[in-house]
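Peer 1: What would the 3D arrangement of this be:
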Amino acid sequence: MQYIRSALFNLIMLVSTLVYAIPSVLTFPFPYATRYRFITQWTRFNLWTLEHICGIRYSVRGLENIPSGPSIVVSKHQSTWETLALQKIFPPHVWVLKRELLFLPFFGWGLAMLEPIAINRSAKTKAMEQVLNQGADRLRNGRWVVVFPEGTRIPPGKKGRYKLGGAKLAEHTGVHLLPVAHNAGEFWAKRKFLKLPGTIQVVIGPPIDPKGKDAVTLNAMAEKWIEDEMLKITNRKFLDKEGKVQVHERR
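Peer 2: Residues are numbered from 1 along each chain as shown. Got it, this is the predicted structure:
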C-alpha cells in the first residue's frame, strides 16, 4: 500500500510542478514578496499531500530561537523534504544551490523567480564570491539565506564535510547563523521511491553570533551543535555500533 501511496504522491508532485511552472514565471513583473507568496503555495500543497497521502508529518522544536531579523540558516541536508519544509518554517528566504538546478524544465523556471544564489561549484573562488556578494545583497533586502553546508544530501547516520560558505557569509555580514537539525532522510530518503510514514523531527538551535569569531570557528560551532543534536533524533539503526555518526565520503 505504501508503494501505491508513494507513486500517487510522486504523480501529484509532478503534475503540480507542470501546472505551477508557467504561472510562476509570469510573476516576474511583481515584487519579490508577491512572487514568493504565490510560488510557495506549490510547496504548501505538496507538504499537505505528503502528509495526507504518505503519512509524513513533522514537529518543530526551537521556534523561539528564530530571530526577528534576517539570518543565515545552516541546515542538515538529507532529503528533498527540507527544501520544501524550510519554506514554511522560516520567513521568505533564498537558497545557495548549484546553478544546474535552474536549467531543469518547469521546476527550474519557477525556482529562478525566487532569486537563489546559484553557484558553479567547480569554480570555487568565484562561487565563494557569489555567496558573499549576493548573500549580503539578499540579507540587506530583508531575505533570509539558507545554506546546506554539507553541499549534498547525506544519508541518515552519516555526515559530510561542512563547507565554510555560510560561516564566511556570517563573518562578512555580521548576521547570525541559525543551525537546524532534522531526520527527514529516514522517511524520504535520497533517490528512494518509497516514502515511509512517520513524524520528522526538526530542531532549531540558538542563534550563533559571529561577533569576534572567524568563519572556521563559526563553522565548527554550527557543525558541533547540528551533529550533537542529530545523535539525539536519529534512529539508532542508522548509527554505528558505538551509537555515533559515520563520516560520509562523497563520490
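Peer 1: ok, now which ones touch Cys153?
Peer 2: To be clear, residue 153 is Arg; Cys isn't right here. His77, Gln78, Ser79, Thr80, Gly185, Lys190 (C-beta atoms under 8 Å, 6 or more residues apart in numbering). No exception for glycine: its C-beta is placed from N, CA and C like everyone else's.
Peer 1: which residues does the third one contact?
Peer 2: The neighbourhood of Ser79, defined by C-beta under 8 Å, 6+ apart, consists of Arg153, Ala184, Gly185, Phe187, Trp188, Ala189, Lys190.
Peer 1: same check, this time on the second one
Peer 2: Each residue near Gln78 by C-beta under 8 Å, 6+ apart is listed here: Arg153, Ile154, Pro155, Pro156, His182, Asn183, Ala184, Gly185, Glu186, Ala189, Lys190.
Peer 1: which SS state does Val73 fall under?
Peer 2: strand (DSSP: H, G, I helix; E, B strand; the rest coil).
Peer 1: which of the contacts of Ser79 lies closest to Asn219?
Peer 2: Taking C-beta to C-beta as the measure, Asn219 lies nearest Arg153 of the contacts of Ser79, at 19.3 Å.
Peer 1: From Lys158, how far out is the closest residue to that closest one other than its chain neighbours?
Peer 2: Take Arg153 and drop its neighbours on the chain: the residue closest to it by C-beta to C-beta, 6 or more residues apart in numbering is Lys190, 4.3 Å away. Noted for Lys190: a distance of 11 Å to Lys158, by C-beta to C-beta, to the nearest Å.
Peer 1: Neighbour count: the two, which is higher?
Peer 2: Taking neighbours as other C-beta atoms under 10 Å, Lys190 and Lys158 compare with Lys158 leading, 19 against 14.
Peer 1: What sits closest to the more buried one if chain neighbours are left out?
Peer 2: Counting by C-beta to C-beta, 6+ apart, Lys158 lies nearest to His248, which is 3.7 Å off, once chain neighbours are set aside.
Peer 1: The one you found against Tyr162, yeah?
Peer 2: No - counting by C-beta atoms under 8 Å, His248 does not reach Tyr162; the two are 11.7 Å apart.
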